[in-house]
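J.: Quick one, fold the following:
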Amino acid sequence: MTKKILRVNMTNLEAKFEDLPQEYAGLGGRGMTSTIVSKEVPPTCHPLGIHNKLVIAPGIVTGTRAPTSGRVSVGGKSPLTGGIKEANAGTSFAQMLGRMRIGAIIVEGKHAGDDYFLLKVTNDGAEFMDANKWAGKGLYNTYKALYKEFGDTVGICGVGIAAELLGSMSGVCFNDPEGLPSRYSGRGGLGAVMASKGLKFIIADPANAPGVEIANEEVFSEGIKKLINALGEHPVTQPKGGLNSFGTSVLVNIINEAGGLPQRNFSRGQDERAEKISGEVKAEEIKKRGGIRPHFCSPGCIIQCSEVWTKPGGKDPVGVLEYESVWALGANCEIYNLDDIGELNRACNDLGCDTIEAGDTLAVAMEGGLAKFGDGKAALKLMDEIRKKTPIGRILAQGTEITGRVLGVTRIPTVKGQGLPAYDPRAIKGIGVTYATTPMGADHTAGYAIAPEIMGVGGEADPRDPKKAELSRNLQIATAAVDATGYCLFIAFAVLDIPSGLEGIVESLNGVLGTELTVADVPIIGKQILDIELDFNKKAGFTAIDDRLPEFFMEEKLPPSDEVFNVTDDELDSVF
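T.: So this is what the prediction gives:
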């Protein structure tokens with residue numbers, strides 16, 4: 001049995017399976033989404049028009065028993081950046097697609113009316129249902145209702161109120177293991193692309209799914225054994241290691257200590273109050289409240305950096321509070337209270353917003369006078385404007401860049417229109433090079449220079465050294481390859497330091513595909529994906545000028561280090 005594509009035409013409400021074209025064979029995740037987008041989407045089209053497409057693809061090993069491999073990629077032309085976009089999440093929904101042998105769901109066309117639809121996908125076919133009764137409603141209650149209607153063994157992909165507003169901060173939301181709407185392909189406004197077509201939810205029902213076809217079981221088993229051993233050995237990924245014990249928020253104290261944790265809309269790199277929202281404090285609080293930690297975002301993850309944050313007494317679970325979310329909705333807004341951050345995170349999940357973009361937007365709104373820095377309750381009221389679909393809510397839903405411009409703010413931390421994540425590029429230069437040059441807009445996951453610059457993983461690099469083109473390029477190439485596999489990017493911590501782990505990844509891919517890839521092929525695959533994305537952006541009108549950070553990073557010194565972003569334009573241009 002070969003893989004198939006589910007092509008969903010929203011213009012005439014047709015959904016049918018096709019054989020996976022030969023040119024897409026052997027692709028998965030970001031490799032699949034970016035290839036399909038580059039072949040089928042005109043680079044100059046309007047991101048919310050009829051010619052854009054939304055592509056959802058599991059990774060190559062997703063749905064197998066490979067460890068920490070439950071990733072899904074969502075791709076399209078981004079309404080936020082105007083370029084190609086891939087946004088990634090860990091969820092059982094991805095594993096269901098893999099086991100159903102669906103290589104990609106391609107959503108195309110555009111429904112003419114104001115109706116919203118739900119698409120139910122089974123092993124035998126797909127059918128449309130009316131979804132209007134869930135329009136304008138929060139995702140927490142809606143996901144509960146969907147599970148009640150379709151049973152608790154399905155997977156859910158959906159978009160919220162922010163997407164109904166066609167907001168560029170809207171993400172595509174997947175279920176977590178508890179059925180909460182907390183796993184997001186958040187970045188780039190791809191939720192708005194899905195909603196613009198009239199599609200509100202996709203339900204995956206994996207009953208009678210045949211499972212992922214594995215060409216060579218022996219090679220596959222040997223590969224995953226090597227990877228499991230590497231993940232178990234490395235201090236970052238092992239049981240009771242940094243990620244397992246404290247989640248991604250283990251980074252709050254580390255990055256704050258390095259002077260690179262942006263505070264108050266990127267005006268400082270450090271604040272002693274940040275410790276109150278650290279991973280260590282949060283883990284202790286979760287234990288007290290009866291939440292869950294450690295926890296997996298999808299079955300089969302052995303790193304288990306996730307969690308379930310709740311109100312006191314274990315009430316009203318939110319889901320995970322990731323490092324990026326805690327920073328964006330916390331320190332960046334000068335909010336140092338985990339309960340306020342938890343409720344802001346809940347609002348983002350409920351409304352279908354990317355937490356990074358939302359936090360950057362709120363900080364810019366505070367700078368523009370819509371609320372005071374540090375006022376968590378006022379920040380929640382601003383999120384409520386989106387829920388009510390007021391004029392202010394519609395502006396905020398469009399993200400950091402537009403909100404800043406409307407309010408006359410000059411310190412707007414974006415690249416290609418996308419808000420910066422939780423590392424100040426003045427204190428940590430390599431991540432700044434990645435922000436500037438990745439085809440994705442400001443995105444830390446595209447080439448995670450923090451690993452060598454701060455954590456000493458995969459070698460060591462001085463964070464203040466402005467010569468970072470080669471480091472960022474190599475990391476961007478490696479990341480593109482990992483994003484195609486279906487493995488979580490966090491496996492990179494182990495495989496950068498333990499060569500047998502990387503061998504294990506390659507062997508597991510060979511086991512599934514029946515190929516004879518070697519470790520030397522990894523950068524070739526990564527570069528092919530990046531070349532496709534860079535070519536799309538060039539045809540969409542991007543030039544070297546778009547590979548720059550905002551001026552204030554070069555002009556304003558960052559306390560306490562007094563660093564500026566002093567990477568030259570020539571160095572940035574030499575990345576690609």
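J.: how far away is Phe576 from Ile454?
T.: 24 Å (C-beta to C-beta, to the nearest Å). Glycine gets a C-beta too; all of them are placed from N, C-alpha and C.
J.: With Glu86 instead?
T.: Counting by C-beta to C-beta, the gap from Glu86 to Ile454 is 25 Å.
J.: More neighbours: which of the two?
T.: Taking neighbours as other C-beta atoms under 10 Å, Glu86 and Ile454 compare with Glu86 leading, 32 against 22.
J.: so who does Phe93 touch?
T.: Residues near Phe93 by C-beta atoms under 8 Å, 6 or more residues apart in numbering: Val72, Gly155, Ile156, Cys157, Phe174, Asn175, Ala204.
J.: My guess is the fifth one contacts Val154. True?
T.: Put plainly, it is Phe174. No - the pair Phe174 / Val154 is not scored as a contact, 11.7 Å apart, by C-beta atoms under 8 Å.
J.: burial measure for the residue lying closest to Ala451 once chain neighbours are set aside, as a count.
T.: Using C-beta to C-beta, 6 or more residues apart in numbering and skipping residues adjacent in sequence, the residue nearest Ala451 is Val457, 4.1 Å away. Number of residues near Val457 (other C-beta under 10 Å) recorded here: 19.
J.: From Val522, how far off is Val457?
T.: Taken as C-beta to C-beta, the span from Val457 to Val522 is 17 Å.
J.: Could you pull out the strands in the stretch 51-200 of the chain for me?
T.: With DSSP state E, counting those that start in this stretch as the criterion, the stretch 51-200 of the chain has strands at 54-58, 71-77, 84-90, 102-108, 117-121, 126-130, 155-158, 172-174, 183-185, 199-204.
J.: circling back to that earlier point, neighbour count: Phe174 and Val154, which is higher?
T.: Phe174 (29 against 23).
J.: which residues touch the residue nearest to that one when sequence neighbours are not counted?
T.: Leaving aside its sequence neighbours, Phe174 sits nearest to Thr91 (C-beta to C-beta, 6+ apart; 3.7 Å). Residues near Thr91 by C-beta under 8 Å, 6+ apart: Gly70, Val72, Gly155, Phe174, Asn175, Asp176, Arg183, Cys297, Ser298.
J.: one more time with 6 Å, if that's ok
T.: By C-beta atoms under 6 Å, 6 or more residues apart in numbering, the contact list for Thr91 reads Phe174, Arg183, Ser298.
J.: Look at the closest residue to Tyr323 other than its chain neighbours and say how many residues are nearby.
T.: Counting by C-beta to C-beta, 6+ apart, Thr248 is the residue found nearest to Tyr323 once chain neighbours are left out, at 3.8 Å. Neighbourhood size, Thr248 [other C-beta under 10 Å]: 22.
J.: now Thr248: how far from Phe490?
T.: 9 Å.
J.: Where does the residue nearest to Ala451 sit, in terms of helix or strand?
T.: Remark: Val457 resides in no helix or strand, with elements defined by DSSP states H and E.
J.: and the residue nearest to Gly28 when sequence neighbours are not counted, how many neighbours does it have?
T.: Of all residues not flanking Gly28 in the chain, Ile60 sits nearest, at 3.6 Å (C-beta to C-beta, 6+ apart). Around Ile60 there are 26 other residues, counting by other C-beta under 10 Å.
J.: What of Leu380?
T.: 17.
J.: again with the one 3 residues further on
T.: Summarising burial for Met383: neighbours were counted as other C-beta under 10 Å, giving 24.
J.: Please read off the pLDDT at it from the model.
T.: Note for Met383: predicted pLDDT of 98.
J.: in terms of contact, does it touch Asn345 like I think?
T.: No - assessed by C-beta atoms under 6 Å, Met383 is found out of contact with Asn345, at 10.3 Å.
J.: which of the contacts of Thr91 lies closest to Asp465?
T.: Distance to Asp465 across the contacts of Thr91 (C-beta to C-beta) is lowest for Arg183, with 35.9 Å.
J.: Assumed Glu307 was part of a helix.
T.: No - with DSSP: H, G, I helix; E, B strand; the rest coil as the criterion, Glu307 is assigned strand and is not in a helix.
J.: What sits closest to it if chain neighbours are left out?
T.: Nearest to Glu307 is Arg293, by C-beta to C-beta, 6+ apart, at 4.1 Å.
J.: Now do the one you found against Cys305, distance only.
T.: Taking C-beta to C-beta, one finds Arg293 at 9 Å from Cys305.
J.: just Leu517 next, same as before
T.: For Leu517, the distance to Cys305 - C-beta to C-beta - is 28 Å.
J.: Which of these two has more residues huddled nearby?
T.: Neighbours per residue (other C-beta under 10 Å) separate Leu517 from Cys305, with Cys305 holding more: 30 against 16.
J.: Which stretches in the stretch 451-576 of the chain count as helices?
T.: Remark: helices assigned in the stretch 451-576 of the chain by DSSP state H, counting those that start in this stretch are 469-485, 491-497, 499-513, 521-539, 552-555, 569-573.
J.: Show residues contacting the last one.
T.: Looking back up the chat, that one is helix 569-573. Looking at what lies outside helix 569-573 - C-beta under 6 Å, 6+ apart - the contacts are Ala436, Thr437, Ala469, Ala544, Asp547.
J.: ok, of the residues you listed, which come out buried?
T.: Among the contacts of helix 569-573, those classed as buried by 16 or more other C-beta atoms under 10 Å are Ala436, Thr437, Ala469, Asp547.
J.: and of those residues, the nearest to Thr479?
T.: The closest of the buried ones among the contacts of helix 569-573, once distances to Thr479 are taken by C-beta to C-beta, is Thr437, at 12.6 Å.
J.: re the thing from before, help me confirm that the residue nearest to Glu307 is found in a strand?
T.: Yes - checked against three-state DSSP, Arg293 lies within a strand.
J.: Would you quantify the distance from Leu407 to Ile395?
T.: Computed with C-beta to C-beta, the distance linking Leu407 and Ile395 is 9 Å.
J.: For the two, indicate the residue with more neighbours.
T.: Applying other C-beta under 10 Å to Leu407 and Ile395 shows that Ile395 carries more neighbours, namely 21 against 16.
J.: I'd say that one and Val406 touch.
T.: Yes - under the criterion of C-beta under 6 Å, Ile395 makes contact with Val406 at 5.4 Å.
J.: how about the helices in the stretch 1-150 of the chain?
T.: 29-40, 92-99, 139-150.
J.: Which of the ones you listed has the highest mean neighbour count?
T.: Of the helices of the stretch 1-150 of the chain, the one with the most neighbours on average (mean count of other C-beta atoms under 10 Å) is helix 92-99, at a mean of 27.
J.: Could you list the alpha-carbon positions for it in CSV?
T.: Below are the C-alpha coordinates for helix 92-99, written out as CSV (Å, rounded to 0.1, in the frame of the first residue of the first chain):
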residue,chain,number,x,y,z
SER,A,92,-1.5,12.6,18.4
PHE,A,93,-3.4,14.0,15.4
ALA,A,94,-0.2,13.7,13.4
GLN,A,95,0.3,10.1,14.4
MET,A,96,-3.2,9.3,13.3
LEU,A,97,-2.5,10.8,9.8
GLY,A,98,0.7,8.7,9.7
ARG,A,99,-1.1,5.5,10.6
